[in-house]
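K.L.:
Based on what follows, work out the 3D shape:
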Amino acid sequence: MKNVLLFTISFCFTLIVNAQNSSYVTESNIPYYNAAISAADAYINERCVLDIYYPKDKKGFATIVWFHGGGLTGGEKEIPEALKEKGLAIVGVNYRLYPKVKAPTYIEDAAAAVAWTFNHIDEYGGDPSLIFVSGHSAGGYLASMVGLDKSWLAEHQIDANQIAGLIPFSGHTITHFTVREERGIPGTQPVVDVLAPLYHVRADAPPILLITGDREMEMLGRYEENAYLMRMMKEAGHTETRLYEMDGYGHNMTWPAFPLLLNEVNRVTKMKK
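P.N.:
Numbers count the residues shown, from 1 in each chain. As a prediction, this is how the structure comes out:
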């Protein structure tokens with residue numbers, strides 16, 4: 001765990017000052033597909049919704065799009081407590097789940113939710129140039145896929161390079177184990193195909209902060225997958241890929257990792273202002 005205490009101290013004062021005197025609003029269950037698509041499919045109508053939490057008396061704030069974990073088979077949208085009252089907007093996203101749907105439907109939903117954020121965040125006072133995409137486990141995988149494979153956002157006429165930063169928590173960088181399960185491939189057999197973030201390594205991607213748990217406590221190979229993505233991004237010429245390993249924490253390492261996410265948002269925001 002590299003310099004976590006230093007990072008925590010460095011951003012806390014700034015975020016506390018920025019959040020002072022702000023009040024926050026949560027709007028829930030907003031459909032991110034258009035009304036015709038939602039009306040035509042009951043499962044889309046049920047699952048393809050998001051919540052947005054934002055400071056109502058502030059303008060030009062950054063936004064974190066947060067995808068929940070759950071192996072692409074479960075989980076519910078959330079606004080993480082650790083991200084509240086920091087002067088930011090948080091968009092918590094639900095998406096359709098296996099076995100009711102199969103790949104790449106999950107990624108299509110994730111891209112649609114990110115596109116909704118780009119198209120609407122200014123209505124809430126947010127800055128569209130300061131949209132960060134993050135999530136834990138399956139959510140981290142979705143964040144990486146949407147940000148590295150430009151084709152998903154291109155379907156919505158959005159360049160993935162408009163994303164201010166990708167911050168996946170303990171996400172697969174090979175093809176997700178649920179996608180492999182759909183194909184009858186064992187979880188111990190790594191696959192890197194078009195549905196793997198590693199397949200889409202490129203030099204011009206947004207800044208990437210990869211965070212995993214301790215390699216000895218994580219899910220099978222999860223740290224090593226992320227380390228390989230970092231190495232290959234650097235080999236491709238991407239200069240802003242970093243990896244943090246949370247010593248002493250396993251796969252459920254979100255609590256100690258949230259300060260790193262907030263510090264990264266703060267760092268990039270300062271660079272863009």
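
K.L.:
Which stretches in the protein count as helices?
P.N.:
4-19, 35-40, 42-47, 105-120, 138-148, 151-154, 177-182, 222-236, 254-272 (DSSP state H).

K.L.:
Take these and write them to a markdown table, including mean neighbour count and distance to residue 199.
P.N.:
Where C-beta positions appear, they are placed from N, C-alpha and C, glycine not excepted. Formatted as a markdown table, the helices of the chain follow (neighbours: other C-beta atoms under 10 Å; distance: least, C-beta to C-beta, whole Å):
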| stretch | mean neighbour count | distance to residue 199 |
| --- | --- | --- |
| helix 4-19 | 14 | 31 |
| helix 35-40 | 12 | 28 |
| helix 42-47 | 15 | 26 |
| helix 105-120 | 22 | 12 |
| helix 138-148 | 29 | 8 |
| helix 151-154 | 18 | 11 |
| helix 177-182 | 20 | 12 |
| helix 222-236 | 19 | 10 |
| helix 254-272 | 19 | 24 |
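
K.L.:
Tell me which of those approaches residue 75 most closely.
P.N.:
Closest approach to residue 75 among the helices of the chain is made by helix 138-148 (7.1 Å; C-beta to C-beta).

K.L.:
Alpha carbons of the closest one, as PDB, please.
P.N.:
Below are the C-alpha coordinates for helix 138-148, written out as PDB (Å, rounded to 0.1, in the frame of the first residue of the first chain):
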ATOM      1  CA  ALA A 138     -17.600  -6.400 -11.700                       C
ATOM      2  CA  GLY A 139     -18.100  -2.600 -11.600                       C
ATOM      3  CA  GLY A 140     -14.400  -2.100 -12.100                       C
ATOM      4  CA  TYR A 141     -14.400  -4.400 -15.100                       C
ATOM      5  CA  LEU A 142     -17.300  -2.400 -16.600                       C
ATOM      6  CA  ALA A 143     -15.500   0.900 -16.000                       C
ATOM      7  CA  SER A 144     -12.400  -0.400 -17.700                       C
ATOM      8  CA  MET A 145     -14.300  -1.800 -20.700                       C
ATOM      9  CA  VAL A 146     -16.300   1.400 -21.300                       C
ATOM     10  CA  GLY A 147     -13.100   3.500 -21.000                       C
ATOM     11  CA  LEU A 148     -10.700   1.400 -23.000                       C
END
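
K.L.:
any chance of the helices of the chain in JSON lines, with distance to residue 205 and mean pLDDT too?
P.N.:
Shown next, in JSON lines, are the helices of the chain (distance: least, C-beta to C-beta, whole Å; pLDDT from 0 to 100):
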{"stretch": "helix 4-19", "distance to residue 205": "22", "mean pLDDT": "44"}
{"stretch": "helix 35-40", "distance to residue 205": "29", "mean pLDDT": "92"}
{"stretch": "helix 42-47", "distance to residue 205": "28", "mean pLDDT": "97"}
{"stretch": "helix 105-120", "distance to residue 205": "14", "mean pLDDT": "98"}
{"stretch": "helix 138-148", "distance to residue 205": "6", "mean pLDDT": "98"}
{"stretch": "helix 151-154", "distance to residue 205": "12", "mean pLDDT": "98"}
{"stretch": "helix 177-182", "distance to residue 205": "21", "mean pLDDT": "97"}
{"stretch": "helix 222-236", "distance to residue 205": "7", "mean pLDDT": "98"}
{"stretch": "helix 254-272", "distance to residue 205": "14", "mean pLDDT": "97"}
